[in-house]
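**Student:** turn this into a structure:
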Amino acid sequence: MPDAAARDAPALAREIFGAQVDVAEKYWDWLAEAAVVRGLIGPREAPRLWERHLINCAVVSECLAEGESIVDIGSGAGLPGIPLAIARRDVRMTLVEPLLRRATFLEEVIADLGLAIEVVRGRAEESAVIDRVGGADVVTSRAVAPLDRLAKWSAPLIRTGGRLVALKGSSAAEEIGEHAEAVNRLGLVDLEVRECGADLLSVPTIVVVGTKVSVSKSKRRNRSSGRS
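**Tutor:** This is a model prediction of the structure:
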């Protein structure tokens with residue numbers, strides 16, 4: 001069993017989650033207990049759930065505008081989607097997860113927390129999933145795949161003018177350098193690295209942000225950028 005004292009939200013979590021901090025604490029319970037038992041979270045993660053998981057994900061709300069529709073692909077135990085939905089009750093969140101045991105876990109958590117989140121079981125690249133959740137303002141993910149593959153799965157779900165917001169680590173700039181051309185061809189352009197929670201965290205959450213344009217417009221940008 002996790003240390004009961006560790007469940008209490010630290011001051012920073014109270015600042016980020018505000019009036020919803022009690023909901024965040026209930027989600028902590030799910031991550032520390034059921035998620036560990038079901039193999040969704042490693043047992044060594046329990047002592048650092050607040051810093052490494054809940055807060056780390058919630059600060060990405062800086063990248064979201066009011067009332068936007070968000071699709072979190074490969075959601076797993078609900079990261080980053082559930083912390084974002086707790087911190088920002090104004091957004092409309094959908095979690096996409098292909099594995100039944102994980103999707104079942106997500107549905108149980110959402111029901112217990114009383115959150116208005118939809119769970120879609122399937123892979124992001126499947127036509128049925130694209131038909132159901134495509135046209136999102138933002139598609140997010142955490143530790144799902146390298147940027148080129150992630151863009152291939154994310155781009156079809158994003159409306160023109162919408163954004164990719166992918167949680168990445170210290171390799172974010174390197175991934176952009178390596179995969180920018182392939183990602184641009186998919187219609188995701190203006191890739192940049194942002195640090196979320198920089199004023200709050202000793203180690204900010206690093207995200208890659210890109211804007212969705214039509215593929216034809218992306219091709220024109222590629223040709224233009226290739227001229228001397």
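**Student:** which parts of this protein are strands?
**Tutor:** 69-73, 92-97, 117-121, 136-142, 158-168, 188-196, 205-212 (DSSP state E).
**Student:** just send those back as JSON lines, with distance to Arg52 and mean pLDDT too.
**Tutor:** For the C-beta atoms, the positions are set from N, CA and C on the backbone; glycine is no exception. JSON lines is the format used below for the strands of the chain (distance: least, Cβ to Cβ, whole Å; pLDDT from 0 to 100):
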{"stretch": "strand 69-73", "distance to Arg52": "17", "mean pLDDT": "98"}
{"stretch": "strand 92-97", "distance to Arg52": "20", "mean pLDDT": "98"}
{"stretch": "strand 117-121", "distance to Arg52": "22", "mean pLDDT": "98"}
{"stretch": "strand 136-142", "distance to Arg52": "11", "mean pLDDT": "97"}
{"stretch": "strand 158-168", "distance to Arg52": "12", "mean pLDDT": "97"}
{"stretch": "strand 188-196", "distance to Arg52": "14", "mean pLDDT": "97"}
{"stretch": "strand 205-212", "distance to Arg52": "10", "mean pLDDT": "98"}
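**Student:** Gly42: which of those is closest?
**Tutor:** strand 136-142 (14.7 Å; Cβ to Cβ).
**Student:** list the helices and strands the closest one packs on?
**Tutor:** Applying 3 or more Cβ pairs under 8 Å, 6 or more residues apart in numbering; DSSP states H and E, we find strand 136-142 packed against strand 69-73, helix 147-154, strand 158-168.
**Student:** for that strand, give me every contacting residue.
**Tutor:** Residues from elsewhere that reach strand 136-142, judged by Cβ atoms under 8 Å, 6 or more residues apart in numbering: 57, 60, 63-65, 68-74, 76, 79-81, 84, 94, 124, 150, 154, 157-159, 162-167.
**Student:** turn the helices and strands packed on strand 136-142 into a markdown table, including mean neighbour count.
**Tutor:** Shown next, in a markdown table, are these (neighbours: other Cβ atoms under 10 Å):
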| stretch | mean neighbour count |
| --- | --- |
| strand 69-73 | 26 |
| helix 147-154 | 22 |
| strand 158-168 | 21 |
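**Student:** in TSV: these, plus distance to Val183.
**Tutor:** Listed next are the helices and strands packed on strand 136-142 as TSV, based on distance: least, Cβ to Cβ, whole Å:
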stretch	distance to Val183
strand 69-73	15
helix 147-154	4
strand 158-168	8
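**Student:** Val119: which of these is closest?
**Tutor:** Judged by Cβ to Cβ, the one of the helices and strands packed on strand 136-142 that comes nearest to Val119 is strand 69-73, at 10.0 Å.
**Student:** distance from the chain centre to that closest one, please.
**Tutor:** Using Cα atoms, centre = their mean, to the nearest Å, the distance from the centre of strand 69-73 to the centre of the chain it belongs to is 7 Å.
**Student:** can you check stretch 136-144 too?
**Tutor:** Worked out by Cα atoms, centre = their mean, stretch 136-144 lies 5 Å from the chain centre.
**Student:** what of stretch 84-94?
**Tutor:** Using Cα atoms, centre = their mean, the offset of stretch 84-94 from its chain centre is 11 Å.
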